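Engineer: how would this look folded up:
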Amino acid sequence: GFCHKGEGGPFVEEGRIEIGKELPVNTHGGFLSEGYLHGLNHVAEAVSQLRGDAGPRQVKDAEIALCTSLGMQIGSALILRR
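Structural biologist: Sure, this is the predicted structure:
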């Protein structure tokens, strides 16, 4: 995992999932104002990150991206690599 059992809360609270930190998460804001695309914008953001054209949201030296989505009972995961 990314941290040991019981360390998840402090890991997030310390800002370690922000852009420029150890494990950037939801660099484009996640599902805020997503509408009904159910994760398609996650894929677009991942591609932008891997191409290096995400502007101020750019994760330095991004080489791998994980996109996940969940709709009702159906879930999906996509791993992209540069």
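
Engineer: which strands and helices sit next to the helix or strand of the chain with the lowest mean pLDDT?
Structural biologist: Lowest by mean pLDDT, DSSP states H and E among the helices and strands of the chain is strand 64-71, with a mean of 87. Packing contacts for strand 64-71, counted by 3 or more CB pairs under 8 Å, 6 or more residues apart in numbering; DSSP states H and E, involve helix 40-51, strand 74-81. In this view, the C-beta of every residue, glycine as well, is placed from N, C-alpha and C.

Engineer: That strand pairs with which strands, parallel or anti?
Structural biologist: In the sheet, strand 64-71 lines up against strand 74-81 (antiparallel) (DSSP bridges).

Engineer: Check which residues of the strand it pairs with are buried.
Structural biologist: Within strand 74-81, no residue qualifies as buried by neighbour count (16 or more other CB atoms under 10 Å).

Engineer: Run the angle between that strand and helix 40-51 for me.
Structural biologist: Following axes from the mean of the first three to the mean of the last three CA atoms, to 10 degrees, one obtains 10 degrees for the angle between strand 74-81 and helix 40-51.

Engineer: circling back to that earlier point, Serialize the helices and strands packed on strand 64-71 to TSV and add fields for mean pLDDT.
Structural biologist: Shown next, in TSV, are these (pLDDT from 0 to 100):
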stretch	mean pLDDT
helix 40-51	93
strand 74-81	92
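
Engineer: now for those, which one comes closest to H4?
Structural biologist: The minimum distance between H4 and the helices and strands packed on strand 64-71 falls on strand 74-81, with 23.2 Å, by CB to CB.

Engineer: contacting residues around that closest one?
Structural biologist: With CB atoms under 8 Å, 6 or more residues apart in numbering as the contact definition, strand 74-81 has outside contacts at 39, 43, 46-47, 50, 63-70.

Engineer: Please pick the buried ones from these.
Structural biologist: Counted by 16+ other CB under 10 Å, the contacts of strand 74-81 give 39, 46, 50, 65, 67, 69 as buried.

Engineer: Out of the residues you listed, which two sit at the greatest distance?
Structural biologist: Maximum distance among those (CB to CB): 18.0 Å, for L50 and S69.
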